[in-house]
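Engineer: got a structure for you, letters missing:
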């Protein structure tokens, strides 16, 4: 298996949170969970609260107890824009099938 194929399959279970409504991401996560046993919800900055909302929607509303909360990883990345360095918070929430 080539390195390119490996990186594509490794990202198959990652859901990146952006500007869409939380329910749209929850639906996409449920679709991915049909073929994956684990999904990783990633967000940074202002989207972190939406990532938490998505995880809660899956665990408590849509999932009907079929999913468990795995690891939660928080961190900070440094981004440089026009010679200005900024720190941006990040989160990764892992959900697993029971």
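Structural biologist: Received, thanks. What you are looking at is a predicted structure, and each value in this text was computed from that prediction instead of being measured. Numbers count the residues shown, from 1 in each chain.
Engineer: quick one, helices of the chain?
Structural biologist: 3-10, 22-33, 48-56 (DSSP state H).
Engineer: which one of those helices is the most hemmed in?
Structural biologist: For those, ranked by mean neighbour count under the definition mean count of other Cβ atoms under 10 Å, the leader is helix 48-56 at a mean of 19. To be clear about C-beta, it is placed using only N, CA and C from the backbone, and glycine gets the same treatment.
Engineer: between helix 22-33 and that one, find me the angle.
Structural biologist: 50 degrees (axes from the mean of the first three to the mean of the last three Cα atoms, to 10 degrees).
Engineer: list the buried residues for stretch 35-45?
Structural biologist: Neighbour-count burial for stretch 35-45, with 16 or more other Cβ atoms under 10 Å as criterion, is recorded at 36, 39, 40, 41, 42, 43, 44.
Engineer: closest to residue 94 among these?
Structural biologist: residue 40 (5.3 Å; Cβ to Cβ).
Engineer: contact partners for the closest one?
Structural biologist: 13, 14, 15, 92, 93, 94, 95 (Cβ atoms under 8 Å, 6 or more residues apart in numbering).
Engineer: thanks again, I'm all set now.
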